[in-house]
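> Fold the following.
(chains A and B)
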Amino acid sequence: MRILKHLLRKEFRQIFRNKAILRVIIMLPMVQLLIIPLAADYEIKKINISIVDHDHSPYSQKLAAKIIASGYFRMNDFSPGFASSFQEFQKDHSDIILEIPRDFEKSLVRENHGGLFIAVNAINGVKASVGSVYLARIISGFNTEIRMDWLPEQRVNDFPSVGIETLNWFNPHLKYPFFMVPGILVVLVTMVGAYLCALNIVKEKEVGTIEQINVTPIKKYQFILGKLIPFWVIGIFVFSLGFFAVAMGVYRIVPQGSLLLLYGFLAVYLVALLGLGLLISTYSGTQQQAMSLAFFCMMIFLLMSGLFTPVDSMPLWAKWIARFNPVTYFIEVMRMVVLKGSGFKDIKNHFLAMTGFALVFNVWAILNYRKTS
Amino acid sequence: MKQFLLFVRKEFYHVFRDRKTLLLLFGMPIAQILLFGFALTNEIKNSKVVISDQARDEASQQIIGRIEASRSFDIERVAMNQAAVESAFKSGKIKLAIIFPANFNEDLMHHHNAKIQIIADASDPNTASTLTSYASAIIMDYQKDLLKTYSLAMNIHTDVRMIYNPELKGTTNFVPGVMALVLLLVCVLMTSVSIVREKETGTMEILLVSPFNPVLVVVAKAVPYFFLSLINLTVIIILSVTIMEMPLNGSVVLLYFESSLLILTALSLGLLISNNTDSQQTAMLISLMAMLLPTMIFTGFMFPVENMPKPLQIISNVVPSKWYYIIVKSIMIKGLGLRAIWKETVILGGMALVLLLISFKTFKTRLQ
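Modelled structure (predicted):
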């Protein structure tokens, strides 16, 4: 116990003396947590549209006005020919081209039908489908309107109609930061914890000071505990700062569930994460190796965690990777507890899985750590 | 010149003799492009949806049949009231509930007005709104077909064509983004760390007191990483064309030229970082902690840049990978030539130049 106390004192001193790193690990996550949620917004608001009007009729102008008035679209250009609009399209200035053919109005009135041509830039598939659905909805609304103008005797409630009542629970205004802030906080805490822990030990290896520790009677577990505890404390600190100052203070997210539960999970999570950091450091001889390895893990953890893209949409093999990713669990727990107020019963399995990770990583790291080189 | 080549050779030895790093250097981009190319998509698929049919009549069965035919949902039919839905949301088992009230068919056919309730777990707003709009589209479709029996005049029909990506695949959007991300980050990380390592281990001092021009010492360090990145690029392009079925409609030479610009920018950025730090830890923290998330976000392949608040849109302009992403899309997918992307090219080249100049200017020949 006394040995551990001294080790801890050494570690804390080492950390607090390097002011540059200390500033970085506290400031960076906070700044990112402030800015990134503002940028991480999937909602498709302004779609740039080019309208090619060969018809120049009251109807074609009315349709164009209706599209702009809907608020979903921003008029990029209103041109007489397709070629010039297609150039805008190639430059990504416009996302959709609507071409209104000559005699659109005439054929609609005389022959009872008229056609429109729509070209959508589908490189971003989701944006393309959402945009074309918006446009289709506006056109069909326009269709109903002109029909009413011409045939006022057809009343709407003469037809059977299905009403749809949509309810958005837990986040009625569909605010993106509510969804993103808890997830991004997890990622930032993960980065801070894993990097520091992995680098710290490898640095001792590289500089050679680990030899000095290896020749002392310090036991393996004491050495590892001495490394884990300081970073565990830093992890808790960074999390709390981000949670209370940024998530609750700035983004006004009111946690629905129990904070105790959240911190309980965080405690286990940090043990698992730091175990992983240790594991990485036992496998690498230089900081460069440790860093590339940690970076590799980080990228995968981050992108396969369901932070930005839903795990449900991944192919089966990728879902398995996500299931072996501790970050996935913590992000899910954060979102469930903070946004939905889920209780222990709901996240029992997450707890079990995380305890498993913590055990596996740490035992593996301890077994793999050699006092002799 | 001969001296310079000798130094380059020394750096190549550095890289090749560190097998683990070398493996990562090549393995990482390949694994990432494969992993993310296949797994990342912003489509919403296989979401768990519960349908609670309290009517069990003709109309409700018909609509449910249509919903079941859609591949966006993973459907379960359970009778559920709102309280049951809430607890299912809380345990994260389902994402959406569609509730048909009793007497649905009668309301529809006789009163001409029936209601369906769609309840979404909006803690994930994207999934919630997408699923809701999918479900509404199916119901509206049903309504439209129902109306066909009543003859309608003045029909506008639309002919919609999806250009560049007719199957609406997610890879078309994500692969260029992942390319930009991987190339940029790997380069920055490797250069900055390898230079700072010489500082930390003390060998930099030896190099600085040699008669050799100190700036060239650093340039020699960047050379191996430049070539390694080009090899990486080749592997990435081959993988994305063969396995990911990405089109390569434009000129390959142009693609290499533009990629070299990005790599140069990344190398200069790495140089700049290494000038201003003296421990590997700080260098890594800056090149990763500070760069990973912002690069990912501001490149624009995950979240459309035009959605962001104005100040962030302005910030995104300084992220080199954003320009590279636009360039790769234009060359590979749209098959455009230099004339269409000269602006982006100039910006990327300008970034490389400015960063390079600053890093040469700030390069210190003295150690504290």
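> List the contacts of the closest residue to residue A:285 other than its chain neighbours.
Nearest-residue entry for residue A:285: residue A:205, 6.4 Å, with adjacent residues in sequence omitted and distances by CB to CB, 6 or more residues apart in numbering or on different chains. Backbone N, C-alpha and C define where each C-beta goes, glycine included. The contact partners of residue A:205, taken as CB atoms under 8 Å, 6 or more residues apart in numbering or on different chains, are A:281, A:285, A:286.
> Pipe these into TSV and attach neighbour count per row.
Shown next, in TSV, are the contacts of residue A:205 (neighbours: other CB atoms under 10 Å in any protein chain shown):
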residue	neighbour count
A:281	27
A:285	15
A:286	19
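> And the residue nearest to residue A:285, which helix or strand is it part of?
helix A:176-207 (DSSP states H and E).
> Name the residues of the longest helix belonging to chain B that come out as buried.
When chain B is parsed with DSSP state H, its longest helix is helix B:171-201. Within helix B:171-201, the residues that count as buried by 16 or more other CB atoms under 10 Å in any protein chain shown are B:171-200.
> cool, stretch A:213-230 as well?
Those would be A:218, A:222, A:223, A:224, A:226, A:227, A:228, A:229, A:230, for stretch A:213-230 by 16+ other CB under 10 Å.
> can you give me the strands for chain A?
A:47-53, A:73-79, A:96-100, A:113-121, A:161-169 (DSSP state E).
> which parts of the second one are buried?
Looking back up the chat, that one is strand A:73-79. Those would be A:73, A:76, A:77, A:79, for strand A:73-79 by 16+ other CB under 10 Å.
> How about the fourth one?
By neighbour count on 16+ other CB under 10 Å, the buried set for strand A:113-121 is A:114, A:116, A:118, A:119, A:120, A:121.
> Could you do the last one as well?
Buried positions in strand A:161-169, judged by neighbour count with 16+ other CB under 10 Å: A:161, A:162, A:166, A:167, A:168, A:169.
> dump the residue contacts of the second one.
Taking CB under 8 Å, 6+ apart, we find residue A:162 in contact with B:63, B:108, B:114, B:115, B:116, B:139, B:140, B:142, B:143.
> Try it again at 7 Å.
By CB atoms under 7 Å, 6 or more residues apart in numbering or on different chains, the residues touching residue A:162 are B:108, B:114, B:116, B:139, B:143.
> just checking, residue B:118 is part of a strand?
Yes. Assigned with DSSP: H, G, I helix; E, B strand; the rest coil, residue B:118 falls within a strand.
> Skip the chain neighbours and tell me the closest residue to it.
residue A:166 (5.0 Å).
> Quick check: the residue located most distally from the centre of chain A vs residue A:150, distance?
Distance from the centre of chain A peaks at residue A:110, with 52.4 Å (CA atoms, centre = their mean). Separation of residue A:110 from residue A:150 (CB to CB, to the nearest Å): 12 Å.
> do the same with residue A:292
For residue A:292, the distance to residue A:150 - CB to CB - is 69 Å.
> Have a look at these two and say which one is more surrounded.
Taking other CB atoms under 10 Å in any protein chain shown, residue A:292 and residue A:150 do not tie; residue A:292 has more neighbours (26 against 13).
> distance of that one from residue B:29?
Distance from residue A:292 to residue B:29, by CB to CB: 11 Å.
> Check what pLDDT residue B:150 gets.
Listed pLDDT for residue B:150 reads 64.
> I misspoke; the intended subject was residue B:98.
pLDDT at residue B:98 comes out at 90.
> do the same with residue B:172
On the pLDDT scale, residue B:172 gets 81.
> next one: the one 10 residues further on
We note a pLDDT of 84 for residue B:182 in this prediction.
> just checking, it touches residue B:31?
No. Using CB atoms under 7 Å, residue B:182 makes no contact with residue B:31, being 9.8 Å away.
> which parts of stretch A:126-139 are buried?
For stretch A:126-139, by 16+ other CB under 10 Å, it's A:126-132, A:134-139.
> and these near chain B, which?
Filtering these for neighbours of chain B using CB under 7 Å from any CB of the partner chain leaves A:126, A:127, A:128, A:129, A:132, A:136, A:139.
> Centroid-wise, who is the farthest residue in chain B?
Outermost in chain B, CA atoms, centre = their mean: residue B:110 at 50.9 Å.
> And the residue nearest to residue B:178 when sequence neighbours are not counted, how far from residue B:267?
Excluding its sequence neighbours, the residue lying closest to residue B:178 (CB to CB, 6+ apart) is residue B:36, at 4.8 Å. Remark: distance between residue B:36 and residue B:267 (CB to CB) = 23 Å.
> what about those two, which has more around it?
residue B:267 (26 against 23).
> Quickly note the distance from that one to chain A.
With distances taken as CB to the nearest CB, to the nearest Å, residue B:267 is found 16 Å from chain A.
> wait, what's in contact with that residue?
Residue B:267 neighbours (CB under 7 Å, 6+ apart): B:187, B:191, B:222, B:225, B:226.
> which residues sit in contact with the nearest residue to residue B:120 once chain neighbours are set aside?
Closest residue to residue B:120 apart from its sequence neighbours, by CB to CB, 6+ apart: residue B:128 at 3.8 Å. Listed by CB under 7 Å, 6+ apart, the contact set of residue B:128 reads A:168, A:174, B:120, B:121, B:122.
> Now for those: which two are most distant?
For those, with distances taken as CB to CB, the pair at the greatest spread is A:174 and B:121 (11.4 Å).
> Mind checking which of these two has more residues around it?
residue B:121 (28 against 17).
> and the gap between the nearest residue to the more buried one once chain neighbours are set aside and residue B:64?
Spatially, and ignoring its direct neighbours in sequence, residue B:121 is nearest to residue B:89 (4.5 Å; CB to CB, 6+ apart). Relative to residue B:64, residue B:89 is positioned 21 Å away (CB to CB).
> So between those two, which is more surrounded?
residue B:89 (24 against 19).
> which SS state does the more buried one fall under?
Assignment for residue B:89 (three-state DSSP): helix.
> How about the contacts made by it?
With CB under 7 Å, 6+ apart, residue B:89 has these contacts: A:169, A:340, B:121.
> got a list of what the last one touches?
Translated: residue B:121. A:169, A:170, B:89, B:95, B:96, B:128.
> redo that, cut-off 8 Å
Counting by CB under 8 Å, 6+ apart, residue B:121 has contacts A:169, A:170, A:340, B:89, B:94, B:95, B:96, B:127, B:128.
> Columns distance to residue B:290 on top of the residues you listed, output as CSV?
Shown next, in CSV, are the contacts of residue B:121 (distance: CB to CB, whole Å):
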residue, distance to residue B:290
A:169, 37
A:170, 33
A:340, 33
B:89, 37
B:94, 39
B:95, 35
B:96, 38
B:127, 30
B:128, 33
